[in-house]
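# Prediction below, plus the sequence it came from.
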Amino acid sequence: MAEKVVVGMSGGVDSSVAALLLKRQGYDVVGVTMQIWQEETSAAGEQGGCCGFSAVEDARRVAETLDIPHYVMNFRREFRENVMDYFVAEYLAGRTPNPCIACNRYVKWEAMLHRSLEIGADYIATGHYAGITRLENGRYAVQKAVTAKKDQTYALYSLTQEQLAHTLMPVGAYTKEEIRQMAGEAGLPVADKPDSQEICFIPDNDYAAFIDREAGERVPKPGCFVTKEGETLGRHLGITHYTVGQRKGLNLAMGRPVFVTEIRPETDEVVIGESEDVFGDTLHCSRISYMGMADLSEPREVTAKIRYAHAGEKCVIEKEGEDQIRVTFKKPVRAITPGQAVVFYEDDYVLGGGTII
């Protein structure tokens, strides 16, 4: 009897081709689209994103073409608690979160995998551009995709060994062009569908307005732009409007480009500095997830990425406590941002990562 795999179908071309490939490989494929929108009338849900109303319809049409069953699973509560509420709380604390990492860890995997195993599935699968391999030390790790510009391993560093053991990622072995070509040849109705670029629950990309609506009375009040020496430069709109490294939208007439170098939620101050002030060679991270390595017993030289689009930089990582790692870069890196993930790589594999503090 064929092994059963539940494919998380977002209505996009990548997850659609993941289902196509797995069916061709002989799996018993079931398509599932996650329902995460909080209100049935949400305008964002109607417009799409990866899990909106149009996504459900597109996924259903693909499943029909592939002749596989398709279901919608409700994960509204999990998404609200672990992604949206987390996103708002982090910004209110002066940090810049990555909601896709939280969604991957707690919704797409923890919640969907648990429910899929309950209905008799052996695996879940997604359309991520990444692979999964078992290393010589016996541990599972995500592996970089064949196409560097689409690689999505950064957002997957927090998956557990149990989750990886029950996950398939067939798309990572192909380029985007090959995926679209396969979709077209198979007659999938989403072959030419554009990729979603924004955070799914903020389709207009206006983070600050979303946070203002969600935070209610907790919204930070306007405060002061200051230098690191404490000189006041002007007034700002509230700390949730800014992130480390930001240059545009500051509305400061300094006569030269200046940048956000620090956010201080306890005083509602946003620290402004020069270009060189945005660079640093050391960071500390917590909430550590180990993947390709079981632990960090001694200093280790690795490559680390400090944001999704970062190319990566050589560094030495060493433990500072049970749940904290110090990262020392060989060359200074730009805009080390509290709340973002730092992910450790060795060769093409993810060793682990944590949240920058």
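That came in fine, so what should we check first? All of these numbers come straight from a predicted model, not from anything done at the bench.
# What is the helix or strand hosting residue 14 packed up against?
Using DSSP states H and E, the element containing residue 14 is helix 13-24. Here helix 13-24 touches strand 4-8, strand 28-35, helix 53-66, strand 123-125, helix 176-185, going by 3 or more C-beta pairs under 8 Å, 6 or more residues apart in numbering; DSSP states H and E. The way it works is simple: take the backbone N, C-alpha and C, and place the C-beta from them, glycine included.
# what's around residue 348, how many residues?
Residues within reach of residue 348, counting by other C-beta atoms under 10 Å, total 16.
# thinking it is in contact with residue 144, fair?
Yes: if you go by C-beta atoms under 8 Å, residue 348 and residue 144 touch, sitting 4.2 Å apart.
# on that earlier part again, deepest-packed of the helices and strands packed on helix 13-24, please.
Mean neighbour count (mean count of other C-beta atoms under 10 Å) peaks for strand 4-8 among the helices and strands packed on helix 13-24, with a mean of 25.
# how about the helix holding residue 14 as PDB, C-alpha atoms only?
The C-alpha trace of helix 13-24 is given here as PDB (Å, rounded to 0.1, in the frame of the first residue of the first chain):
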ATOM      1  CA  VAL A  13       2.600  26.900  -8.400                       C
ATOM      2  CA  ASP A  14       5.300  25.500  -6.000                       C
ATOM      3  CA  SER A  15       3.000  23.500  -3.700                       C
ATOM      4  CA  SER A  16       0.900  22.500  -6.700                       C
ATOM      5  CA  VAL A  17       4.000  21.000  -8.400                       C
ATOM      6  CA  ALA A  18       5.000  19.400  -5.100                       C
ATOM      7  CA  ALA A  19       1.700  17.500  -5.200                       C
ATOM      8  CA  LEU A  20       2.300  16.600  -8.900                       C
ATOM      9  CA  LEU A  21       5.800  15.300  -8.200                       C
ATOM     10  CA  LEU A  22       4.700  13.200  -5.200                       C
ATOM     11  CA  LYS A  23       1.800  11.600  -7.100                       C
ATOM     12  CA  ARG A  24       4.200  10.700  -9.900                       C
END
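# Mind pulling up the pLDDT for residue 202?
Note on residue 202: pLDDT of 87.
# Identify the residue spatially nearest to it, adjacent ones excluded.
Using C-beta to C-beta, 6 or more residues apart in numbering and skipping the chain neighbours, the partner closest in space to residue 202 is residue 210 (4.9 Å).
# quick one: that neighbour is in a strand?
No: going by DSSP: H, G, I helix; E, B strand; the rest coil, the assignment for residue 210 is helix, not a strand.
# Residue 180: what's it in contact with?
Contact analysis of residue 180 by C-beta atoms under 8 Å, 6 or more residues apart in numbering lists 13, 191-192.
# Apply 6 Å and report the result again.
By C-beta atoms under 6 Å, 6 or more residues apart in numbering, residue 180 lies in contact with residue 191.
# Skipping adjacent residues, who's closest to residue 199 in space?
In space, and not counting its chain neighbours, residue 199 is closest to residue 99: 5.8 Å by C-beta to C-beta, 6+ apart.
# what does residue 354 give?
Residue 354's closest residue in space is residue 285 (C-beta to C-beta, 6+ apart), at 3.4 Å.
# Quick check: phi and psi on the one you found?
When read as degrees, to the nearest 10, the backbone of residue 285 gives phi -130, psi 160.
# what residues are up against it?
325, 342, 354-356.
# Give me the secondary structure label for residue 86.
helix.
# What are the buried residues along whichever strand or helix holds residue 283?
Assessed by DSSP H and E, residue 283 sits inside strand 279-290. By neighbour count with 16 or more other C-beta atoms under 10 Å, strand 279-290 contains the buried residues 283-285, 288-290.
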